[in-house]
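J.: What follows is a predicted structure for the sequence shown.
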Amino acid sequence: MSNKTRTVRTPKLRYHKATGQSYVVLNGHAIYLGNPQKCDVETKYHSVIAEWLANGKQPNASQSDITINEIIARFWIHAQEYYRDANGNNTTELANMRFSLRPLCEIYGHTEAAEFGPRCLKTVRNKMISLGWCRSNINKSISRVKHVFKWAVAEEMIPGS
């Protein structure tokens, strides 16, 4: 069996006869763009595709529905590309991120990200203390957790507040 890489093509703009609207299917979900005679569907299509590609071919999630596990999964896709050395190999920061995010996943993984606040961060820090981590590792790990949330705000997955 050959090890061919599968290329993902850009989804095409389609027309739904019953509703008279144009749409595009991203990750199995139809996104309706409106009636092509009443609005500029091409511009909407190109902006939707550009956002989809910028998100790593992931659909935009509602800020109220996204969980911490989902944020971490999307951050991980980003981190695997970002944390590389000049030769293209993963850096040690990737392993450090995995180590730092583990207590967060254990305690708050299924929690909605918008509900995570300073008290929750203190709980994660107390979990790290109970695991016997030294102060410098805890401080660096908390900084990494904050970094993930700052990244999620920058990607408009969660509100800035």
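T.: The structure has been received and is ready for your questions.
J.: For the protein, which helix extends over the most residues?
T.: helix 135-154 (DSSP state H).
J.: Provide the secondary structure category for the residue lying farthest from the centre of the chain.
T.: In the chain, counting by Cα atoms, centre = their mean, residue 37 sits farthest out from the average C-alpha position, at 34.7 Å. Classification of residue 37 by DSSP: H, G, I helix; E, B strand; the rest coil places it in coil.
J.: for it, what are its contacts?
T.: When the contact criterion is Cβ atoms under 8 Å, 6 or more residues apart in numbering, residue 37 has no partners at all. All C-beta spots, glycine's among them, are computed from the backbone N, C-alpha and C.
J.: And residue 119, how far from residue 126?
T.: Separation of residue 119 from residue 126 (Cβ to Cβ, to the nearest Å) stands at 11 Å.
J.: Which one of those two is surrounded by more residues?
T.: residue 126 (13 against 7; other Cβ atoms under 10 Å).
J.: so how far is the stretch of helix or strand the more buried one belongs to from its chain's centroid?
T.: When secondary structure is defined by DSSP states H and E, residue 126 falls within helix 118-130. Averaging C-alpha positions (Cα atoms, centre = their mean, to the nearest Å) puts helix 118-130 23 Å from its chain's average.
J.: Tell me where the chain has helices.
T.: Going by DSSP H, the chain shows helices at 41-54, 68-82, 92-108, 118-130, 135-154.
J.: which stretch in these is the model least sure about?
T.: The stretch with the lowest mean pLDDT among the helices of the chain is helix 41-54, at a mean of 79.
J.: so what secondary structure elements neighbour it?
T.: strand 21-26, strand 29-34 (3 or more Cβ pairs under 8 Å, 6 or more residues apart in numbering; DSSP states H and E).
J.: lowest-confidence stretch among those strands?
T.: The lowest average pLDDT among these, as it happens, falls on strand 29-34, at a mean of 78.
J.: And residue 12, how far from residue 35?
T.: 18 Å.
J.: out of these two, which sits in the busier spot?
T.: Using other Cβ under 10 Å as the criterion, residue 12 and residue 35 rank with residue 35 on top: 12 against 8.
J.: Distance check, the more buried one against residue 45.
T.: Residue 35 is 13 Å from residue 45, by Cβ to Cβ.
J.: cool, residue 98 as well?
T.: Applying Cβ to Cβ, the value for residue 98 to residue 45 is 37 Å.
J.: Need the overlap of contacts for residue 35 and residue 45.
T.: Joint contacts of residue 35 and residue 45 (Cβ under 8 Å, 6+ apart) are residue 22.
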